[in-house]
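Q: Sequence and predicted structure, then a few things I'm wondering about:
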Amino acid sequence: MESKFIGCLLGVALGDSLGARREGALSILDKPNNFKDVISLNYTDDTAMTIGLAESLIEKNGLDPEHLARRFLENYEKEPWRGYGPGPPTIFFSWKRGASWQDELDKKIYPGGSFGNGSAMRVAPIGLFYCDSPEQLRQAAYLSSRLTHSHPLAMEGAALLAYAVALALKEDQDFLDKLMAFVEQDIYKLKINKIKYFLSRKDNRREIVRELGHGIEAFNSVPTAIFCFLANPTFEEAILYAISLGGDTDTIAAMCGAIAGARYGLEGLPEKWLQRIENRNYLTQLGQRLYEAYLRSK
Ligand code: AR6
Ligand code: MG
């Protein structure tokens with residue numbers, strides 16, 4: 001289990017950083033052994049916010065939205081250049097000026113709130129920490145999303161990805177059926193059915209992108225990340241496949257990496273990538289500490 005916690009967090013960072021340097025990654029696809037030119041793998045906001053969420057869960061022994069909001073702001077101020085989506089930094093500045101985490105400030109930016117994938121891309125630590133209780137997992141995922149993404153489709157995307165991480169962690173055999181029973185919004189139900197259809201047709205990339213999506217919206221990327229995990233037998237193949245679909249490659253590969261890392265554990269991650277990932281030691285420690293916090297919470 002500890003290896004799977006670590007594998008999940010490093011899996012986010014690997015998917016994110018490989019997806020973020022898509023051109024390099026595509027040349028890797030063509031020439032699988034040509035890694036000499038890839039010197040370091042730097043992650044983006046997807047991993048930076050996943051780190052913030054893991055830190056907060058560890059320090060507060062569970063989800064504390066006020067603490068989490070503060071941590072997101074602090075981490076953003078240390079590294080504002082990580083490539084954050086347009087909405088979140090505006091919200092962080094409002095918190096700094098005294099707004100509350102409960103204000104659903106994203107509704108001032110987007111009508112009905114943001115349905116970007118920014119709350120699903122960071123949610124993996126909730127999938128790990130709340131893996132034993134789908135309902136606690138759902139509530140924690142919703143609440144963590146609400147800070148910056150209060151649109152129901154973003155909240156649902158975050159809960160769906162967290163639950164996929166939990167099921168992968170447990171190597172659950174009824175993966176898609178359980179996701180289907182868990183999810184509440186029709187668009188996600190529809191896309192989970194499409195995942196089933198495309199599992200035996202993974203080479204139809206164009207059709208897959210058209211039907212599942214590869215965009216920045218939660219509903220156009222969370223089901224796609226789940227599909228990439230299910231359609232491939234190893235961590236490495238899942239990530240390269242996710243990147244090959246194009247679109248929001250860093251976030252789709254990060255979310256796919258979260259699920260695949262939780263399933264295959266640290267041992268399943270290619271050493272040639274791990275050697276190059278930024279902050280490998282810190283991410284490893286964070287996985288260990290999150291696992292200890294999970295054990296304490298039981
Ligand atoms: N109506 C129309 N478009 C919307 C709506 C809406 N209600 N909500 C979101 N969008 P944002 P994020 C679109 O700003 O989710 C980084 O690169 C709109 O185009 O909440 O944190 C990461 O790696 C908006 O600009 O940010 C991820 O790829 C976009 O969704 C990504 O950014 C993002 O919503 C995460 O971004
Ligand atoms: Mg990013």
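A: That came through, no problem. Ligands and ions are numbered 1, 2, ... in the order given.
Q: For the residue in the stretch 1-150 of the chain that ligand 2 sits nearest to, give me its contacts.
A: The nearest approach of the stretch 1-150 of the chain to ligand 2 comes at Thr44, 3.4 Å away (CB to the ion). Every C-beta, even on glycine, is put in place using the N, C-alpha and C of the backbone. Contacts for Thr44 (CB atoms under 8 Å, 6 or more residues apart in numbering) come out as Asp16, Ser17, Ala20, Arg82, Gly83, Asp250.
Q: neighbours of the first one, just the number please.
A: The number of residues packed around Asp16, counting by other CB atoms under 10 Å, is 32.
Q: Pretty sure it sits against Asp46.
A: Yes: shown here, Asp16 and Asp46 form a contact pair, counting by CB atoms under 8 Å, at 4.3 Å.
Q: low pLDDT regions in the stretch 1-150 of the chain?
A: Applying pLDDT under 70 to the stretch 1-150 of the chain flags residues 22-38.
Q: quick one on the thing from earlier: find residues that contact each of Asp16 and Asp46.
A: Listed as contacting both Asp16 and Asp46 by CB under 8 Å, 6+ apart are Met121, Asp250, Thr251, Ala254.
Q: Now do the first one against Met49, distance only.
A: Between Met121 and Met49 the distance, using CB to CB, to the nearest Å, works out to 7 Å.
Q: So the two - more neighbours on which side?
A: Met121 (33 against 27).
Q: Quickly find the element holding that one.
A: Assigned by DSSP states H and E, Met121 belongs to neither a helix nor a strand.
Q: and if you look at the one 5 residues further on?
A: Applying DSSP H and E as the criterion places Ile126 in helix 124-129.
Q: tell me which residues in the helix or strand that comes right after that helix are buried?
A: As assigned by DSSP H and E, the chain's next helix or strand after helix 124-129 is helix 134-146. Buried residues in helix 134-146, defined by neighbour count with 16 or more other CB atoms under 10 Å: Pro134, Gln136, Leu137, Arg138, Ala140, Ala141, Tyr142, Leu143, Ser144, Ser145, Arg146.
Q: Can you tell me what sits against helix 134-146?
A: 53, 62-63, 65, 68, 102, 104, 119-120, 122-123, 126-127, 129-131, 154-155, 157-159, 161-163, 166, 182.
Q: Now the buried members of those residues.
A: For the contacts of helix 134-146, a burial check counting by 16+ other CB under 10 Å picks out 53, 63, 65, 68, 104, 119-120, 122-123, 126-127, 129-131, 154-155, 157-159, 161-163, 166, 182.
Q: Ligand 1: which of the shared contacts of Asp16 and Asp46 is nearest?
A: Thr251 (3.8 Å; CB to the nearest ligand atom).
Q: Ligand 2 contacts on this structure?
A: Within reach of ligand 2 by CB under 5 Å from the ion, the chain has these residues: Thr44, Asp45, Asp46, Gly83, Asp250.
Q: tell me, how many neighbours does the fourth one end up with?
A: Same thing as Gly83. Neighbours of Gly83 (other CB under 10 Å): 15.
Q: Any figure for the gap between the closest residue to it other than its chain neighbours and Gln136?
A: Once flanking residues are discounted, Gly83 sits nearest to Thr44: 4.1 Å by CB to CB, 6 or more residues apart in numbering. According to CB to CB, Thr44 stands 29 Å off from Gln136.
Q: Intersect the residues of the chain next to ligand 2 with the contacts of ligand 1.
A: Intersecting those with the contacts of ligand 1 gives Thr44, Asp45, Asp46, Gly83, Asp250 (criterion: CB under 6 Å from any ligand atom).
Q: From those residues, which land in helices?
A: Using DSSP state H, the members of these that fall in helices are Asp45, Asp46, Asp250.
Q: for the last one, what are its contacts?
A: Read that as Asp250. Per CB under 8 Å, 6+ apart, neighbours of Asp250: Gly15, Asp16, Ser17, Gly19, Ala20, Arg22, Thr44, Asp46, Gly83.
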